[in-house]
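S.K.: After the sequence you'll find the predicted model.
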Amino acid sequence: MTQPSYTEQLAEWVCALRLSDLPGEVVADAKSRVLDILGTTLAASSFESSKCIRDGAVLTGAGNDARIIGYGDHASTAGAALANGTMAHALDYDDTHMGSVVHISAPVVTTAMTLGEALKASGEDVLTAIVAGAEVGCRIGSVAPKAFHQQGFHATAVVGTFAAAATAAKLLGLDVRQTTHALGIAGSQSSGIMQCFNDGTWTKQLHVGWSSHAAVIGATLAKCGFTGPAEVLEGIQGFYTTHAKPGEQFPERLMDGLGTRWEYPTTSFKPYPCGHVVHGFLDCVTQLYTEEGLRAEQVKSMLCPIAEWMIPIMCEPREVKLRPATDYHAKFSFPFTIAATLTFGRLGVEAFSEENINDPELLALTAKINHTLDPTATDPSRFKGWVQVETTDGRKMERIVTDNWGSEYNPMTLNQVRRKFRENAVLVLEAARVEQLLENVERIESLSDVGGIVTDCIAA
């Protein structure tokens with residue numbers, strides 16, 4: 001008898017999963033992820049790029065199936081998913097699964113909430129679909145950690161499409177054969193190159209929206225009988241061959257302990273709205289600021305040993321990173337994010353204003369921050385930070401953080417996640433609406449229709 005493909009095995013698990021199969025801590029964690037993504041989506045909704053994606057989604061995806069978060073405009077399910085997914089990632093404030101370096105919650109939560117509204121799905125079904133899709137995505141990505149980035153693909157874009165497709169298939173009630181086809185179709189829609197990291201343009205945001213859009217399209221096509229390859233992952237021209245840089249892979253991670261060992265809850269929340277790989281360094285700078293009294297004007301030079309694989313993402317080309325062209329560009333500038341954190345004592349959404357990215361004093365500090373290779377940084381699933389400072393009066397300071405704040409090994413508390421949500425949501429919603437939304441998300445499994453949560457997310 002022929003061994004089922006990886007996709008067929010994943011599809012069988014997705015179809016069989018029920019909320020009652022999930023441990024209580026997995027359910028609680030998933031609800032925190034929903035809260036976090038709704039907050040980042042709301043906070044981004046007033047930005048220029050979000051207004052553009054809203055307009056584009058309404059024009060290209062006209063319909064009345066679902067609404068665009070923050071705005072309330074109606075669109076087709078695929079159109080609303082495009083807008084909601086893009087906004088969820090627009091501030092780069094959404095969580096990251098460290099083992100795959102994939103922003104996993106944004107594509108699955110926005111797919112689930114958008115499709116869930118269109119289907120009038122229950123909160124129980126939506127939450128189950130989120131966990132199913134996210135768990136599949138974490139595992140697909142962890143087979144080839146870093147290898148997608150090294151091939152020039154944004155891992156969130158290419159892996160997120162599979163994760164979102166599993167979520168959509170679950171909500172649409174597809175059977176194992178149809179779910180296999182939905183995942184097979186996802187492989188031909190998995191795209192997203194990293195050139196935007198170099199010039200600060202907006203396509204990185206679009207990658208998550210496109211994953212959500214592709215998931216709705218692919219799962220719907222599969223429901224209608226359209227087919228996709230069962231060996232989309234491991235085939236001779238499958239995903240791991242076409243999208244990952246050749247080298248060591250770990251296929252055993254795909255199915256190991258599926259349903260008993262949960263990858264999704266290991267995902268790291270983001271306390272800072274910028275590229276996740278720099279977060280350990282921001283922890284170091286924040287500690288030096290609060291505990292040692294270090295201030296921007298005291299810095300003569302700063303040297304940061306960093307993992308080799310992080311350098312192309314955050315540090316190169318250096319002349320470009322020293323003078324970020326846009327707010328989004330600045331989020332992926334290693335020296336700018338560190339300089340802004342030390343300048344303001346924290347790194348919030350406001351740090352990336354046009355005024356700040358053109359501030360001569362801030363840019364002068366940026367030029368004093370250099371990186372060097374850290375030969376001890378060997379584990380890509382743990383984002384280490386290491387900062388060495390020489391001050392203008394000759395003092396030397398050093399701080400090392402093994403695991404960034406928000407990670408599995410240095411987690412944010414539930415109250416810290418709630419505080420982050422409130423700070424984001426209140427940018428566009430009245431305080432009373434924010435508390436209502438928080439309460440409804442925390443009891444989502446008892447809701448008969450998740451459309452009420454989407455209503456909570458519409459600004460006055």
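M.R.: Received the coordinates, thanks.
S.K.: Spit out the contact partners of the residue nearest the centre of the chain.
M.R.: Centre of the chain computed as the mean C-alpha position; nearest residue by CA atoms, centre = their mean is residue 103, 2.5 Å away. Contact partners of residue 103, counting by CB atoms under 8 Å, 6 or more residues apart in numbering, are 89, 94-97, 156, 160, 208. Every C-beta, even on glycine, is put in place using the N, C-alpha and C of the backbone.
S.K.: tell me, how many neighbours does the closest residue in space to residue 94 that isn't next to it in sequence end up with?
M.R.: Closest residue to residue 94 in three dimensions, ignoring its sequence neighbours and counting by CB to CB, 6 or more residues apart in numbering: residue 106, at 4.4 Å. When neighbours are defined as other CB atoms under 10 Å, residue 106 has 36 of them.
S.K.: go on, residue 268?
M.R.: 24.
S.K.: cool, residue 272 as well?
M.R.: 25.
S.K.: quick one: which helix or strand includes it?
M.R.: Per DSSP states H and E, residue 272 falls between elements, in no helix or strand.
S.K.: pretty sure it is in contact with residue 347, am I right?
M.R.: Yes: with contact defined as CB atoms under 8 Å, residue 272 reaches residue 347; the gap is 4.5 Å.
S.K.: Quick one: the strands in the protein, in order.
M.R.: 66-67, 74-75, 299-306, 369-373, 385-391, 396-401 (DSSP state E).
S.K.: looking at those, which is buried most?
M.R.: strand 66-67 (a mean of 26; mean count of other CB atoms under 10 Å).
S.K.: Could you give the average pLDDT over that one?
M.R.: Taken as a whole, strand 66-67 has a mean pLDDT of 98.
S.K.: can you list contacts of that strand?
M.R.: Contacts for strand 66-67 (CB under 8 Å, 6+ apart): 73-77, 80-81, 114-115, 117-118, 454, 458.
S.K.: So which of these wins on neighbours?
M.R.: Neighbour max across the contacts of strand 66-67 (other CB under 10 Å) = residue 81, 36 neighbours.
S.K.: give the contact list for it.
M.R.: 66, 110-111, 114-115, 209, 212-213, 215-216.
S.K.: hmm, try it at 7 Å
M.R.: Applying CB atoms under 7 Å, 6 or more residues apart in numbering, we find residue 81 in contact with 110-111, 114-115, 212-213, 216.
S.K.: Inside helices: which ones of the residues you listed?
M.R.: Per DSSP state H, helices hold the following members of the contacts of residue 81: 110-111, 114-115, 212-213, 216.
S.K.: Please identify which of those is nearest to residue 369.
M.R.: residue 110 (34.5 Å; CB to CB).
S.K.: The closest one is in contact with residue 84, isn't it?
M.R.: Yes: assessed by CB atoms under 7 Å, residue 110 is found in contact with residue 84 at 4.2 Å.
S.K.: joint contacts of the two?
M.R.: residue 212.
S.K.: more crowded one of these two?
M.R.: Using other CB under 10 Å as the criterion, residue 110 and residue 84 rank with residue 84 on top: 36 against 33.
S.K.: ok now do that one, which residues does it touch?
M.R.: Contacts of residue 84 (CB under 7 Å, 6+ apart): 41, 68-69, 110, 113-114, 212.
S.K.: quick one: which of those is most hemmed in?
M.R.: Counting by other CB under 10 Å, top hit in these: residue 212 with 37 neighbours.
S.K.: can you tell me how far the closest residue to that one other than its chain neighbours sits from residue 113?
M.R.: Nearest non-adjacent residue to residue 212, counting by CB to CB, 6+ apart: residue 85, 3.4 Å away. Applying CB to CB, to the nearest Å, the value for residue 85 to residue 113 is 10 Å.
S.K.: and if you look at residue 172?
M.R.: 15 Å.
S.K.: Tell me where the stretch 251-400 of the chain has helices.
M.R.: For the stretch 251-400 of the chain, helices defined by DSSP state H, counting those that start in this stretch occupy the ranges 252-255, 279-291, 311-314, 318-321, 327-330, 334-344, 354-357, 360-367.
S.K.: Quickly compare those helices and say which is most buried.
M.R.: Among the helices of the stretch 251-400 of the chain, highest average neighbours (mean count of other CB under 10 Å) belong to helix 334-344, with a mean of 25.
S.K.: what packs against that one?
M.R.: Applying 3 or more CB pairs under 7 Å, 6 or more residues apart in numbering; DSSP states H and E, one finds that helix 334-344 makes contact with helix 279-291, helix 318-321, helix 360-367, strand 369-373.
S.K.: which stretch in the ones you listed is the model least sure about?
M.R.: Going by mean pLDDT, the lowest-scoring of the helices and strands packed on helix 334-344 is helix 318-321, which has a mean of 92.
S.K.: doesn't residue 139 make contact with residue 97?
M.R.: No: with contact defined as CB under 7 Å, residue 97 does not count as touching residue 139 (9.6 Å).
S.K.: Identify the contacts common to the two.
M.R.: Counting by CB under 7 Å, 6+ apart, the residues touching both residue 97 and residue 139 are residue 263.
S.K.: Which one's more surrounded, these two?
M.R.: residue 97 (29 against 25).
S.K.: Please report the distance of the more buried one from residue 444.
M.R.: From residue 97 to residue 444 the distance is 21 Å (CB to CB).
S.K.: Ok, residue 438 next?
M.R.: Distance from residue 438 to residue 444, by CB to CB: 11 Å.
S.K.: For those two, indicate the residue with more neighbours.
M.R.: Set side by side, residue 438 and residue 444 show more neighbours around residue 444, with 23 against 17, by other CB under 10 Å.
S.K.: Surely that one touches residue 33?
M.R.: No: checked against CB under 7 Å, the pair residue 444 and residue 33 is beyond contact range at 11.1 Å.
S.K.: in this structure, which ranges drop under the pLDDT threshold?
M.R.: 1 (pLDDT under 70).
S.K.: if we go to 80?
M.R.: By pLDDT under 80, the low-scoring segments of the chain are 1, 378-381.
S.K.: burial count for the nearest residue to residue 276 once chain neighbours are set aside?
M.R.: Using CB to CB, 6+ apart and skipping residues adjacent in sequence, the residue nearest residue 276 is residue 96, 4.4 Å away. A count of nearby residues for residue 96, using other CB under 10 Å, gives 27.
S.K.: Residue 96: what's it in contact with?
M.R.: Residue 96 touches 102-103, 267-268, 270, 276, counting by CB under 7 Å, 6+ apart.
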